[in-house]
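J.: Predicted model and sequence follow; I will ask about them next.
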Amino acid sequence: MAPAMAGPKWRDRYIAFELADARLGRDVSQALHAATSTWPKEDRPQLLFLEGRRGLVRCGHLKKDEVVAMLNGLRLRDSAGSIRTIGASGTIRRARLRYFSKN
């Protein structure tokens, strides 16, 4: 008898985003938590860090498109468009090089 098929292997994706105003940084964590509070715990994206106006969120590869859409739709302090995703990567290192370098 063949073993039961497990779901696809979990692969992290790192989504970089930019804030319209660096002062909105404190609101990002609360808004992200509120927007994903009904998601299953294993599917919830995590805010990893903020550097100035840019930040990085980790999620699973199967949820990447959903997280990007959710981030772009978040409203911080009643202002739409205050978060804009700028890209995604499969590793933190590549995301830092690509989206957070001081070039």
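T.: Ah, there it is.

J.: Just the terminal-to-terminal distance for stretch 53-72.
T.: 15 Å (CA to CA, to the nearest Å).

J.: Kindly state the beta-bridge partners for residue 76.
T.: Here residue 76 sits in beta bridges with residue 79, as judged by DSSP bridges.

J.: my guess is residue 15 meets residue 90, correct?
T.: No: the pair residue 15 and residue 90 fails to qualify as a contact (CB atoms under 8 Å) at a distance of 11.1 Å. Where you see a C-beta, it was placed from the backbone N, CA and C, and this is true even at glycine.

J.: Spell out, range by range, the strands that occur in this structure.
T.: For the chain, applying DSSP state E gives strands covering 12-19, 46-51, 54-60, 83-89.

J.: between the ones you listed, which one is nearest to residue 29?
T.: Nearest to residue 29 among the strands of the chain is strand 46-51 (5.3 Å), distances taken as CB to CB.

J.: Which elements pack onto the closest one?
T.: Judged by 3 or more CB pairs under 8 Å, 6 or more residues apart in numbering; DSSP states H and E, strand 46-51 is in contact with helix 25-36, strand 54-60.

J.: Provide the contact partners of that strand at residue level.
T.: Contact with strand 46-51 is made by 14, 25, 28, 29, 32, 55, 56, 57, 58, 59, 92, 100, as judged by CB atoms under 8 Å, 6 or more residues apart in numbering.

J.: Using PyMOL, define a selection of the buried residues within those.
T.: Of these, the buried ones can be selected in PyMOL as follows, counting by 16 or more other CB atoms under 10 Å:
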select buried, resi 14+25+28+32+55+56+57+58+59
